[in-house]
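Asker: Take a look and give me a structure for this.
(one chain, ligands or ions: 1)
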Amino acid sequence: MGFQALEKLHQLHDGYKRAFRVGQLELLLIQEEGRVYLLENRCPHMEAPLTYGRVQNGQIRCPMHGICFELATGKCGPATPGSLRAVKTYIPVYEGNTVGVVL
Ligand code: FES
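Answerer: Below you'll find the predicted structure:
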């Protein structure tokens, strides 16, 4: 599939959070404290979208039941059931004046 542009770089800022659909894939692009993160936009608990999750201290809190996931790794916090998988993360790729993903 190759590079898929998601957003113009000038649109990014701390607090930025936007959902994208690329084919069958739901993605969530986030910027917090100058770092850009790209996650699957689906909570591994019961598959709620993370679009309206609160982002704070390098984590996103699922709006459905409140489980927190690390933005960098997708791993859930220590207070969550051990069998819960991490949210899939992607490496943001920069090309020209856009950020996107290579699939
Ligand atoms: S669906 Fe995300 S915590 Fe339950």
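Asker: distance of Pro63 from Glu47?
Answerer: Pro63 sits 13 Å away from Glu47, taking CB to CB, to the nearest Å as the criterion. Placement of C-beta: from N, CA and C, glycine included.
Asker: What parts of the chain come near the ligand?
Answerer: Proximity of the chain to the ligand (CB under 6 Å from any ligand atom) is limited to residues Cys43, His45, Met46, Ala48, Cys62, Met64, His65, Ile67.
Asker: residues in contact with the closest residue to the fourth one other than its chain neighbours?
Answerer: By the measure of CB to CB, 6 or more residues apart in numbering, the closest residue to Ala48 outside its immediate chain neighbours is Met64, 3.8 Å from it. Counting by CB atoms under 8 Å, 6 or more residues apart in numbering, Met64 touches Cys43, His45, Met46, Ala48.
Asker: same thing with Ala86?
Answerer: Per CB under 8 Å, 6+ apart, neighbours of Ala86: Pro44, Phe69, Glu70, Thr73, Gly74, Lys75, Cys76.
Asker: So which elements touch the longest strand seen in the chain?
Answerer: Scanning the chain for the strand with the most residues, using DSSP state E, yields strand 25-32. In terms of contacts (3 or more CB pairs under 8 Å, 6 or more residues apart in numbering; DSSP states H and E), strand 25-32 is packed against strand 3-8, strand 17-22, strand 35-40.
Asker: Could you single out the most deeply buried of the ones you listed?
Answerer: strand 35-40 (a mean of 19; mean count of other CB atoms under 10 Å).
Asker: and the next element down the chain from it?
Answerer: Per DSSP states H and E, the first helix or strand lying C-terminal to strand 35-40 is strand 54-56.
Asker: From the contact counts, what lies against that following strand?
Answerer: Under the contact definition 3+ CB pairs under 8 Å, 6+ apart, strand 54-56 sits against strand 59-61.
Asker: strands paired with the strand it packs on, and their directions?
Answerer: strand 54-56 (antiparallel), strand 68-70 (antiparallel) (DSSP bridges).
Asker: How about residues contacting the longest strand of the chain?
Answerer: Residues outside strand 25-32 that contact it (CB under 8 Å, 6+ apart) are 6-7, 12-21, 36-42, 49-51, 55, 58, 60, 71, 90, 92, 99, 101, 103.
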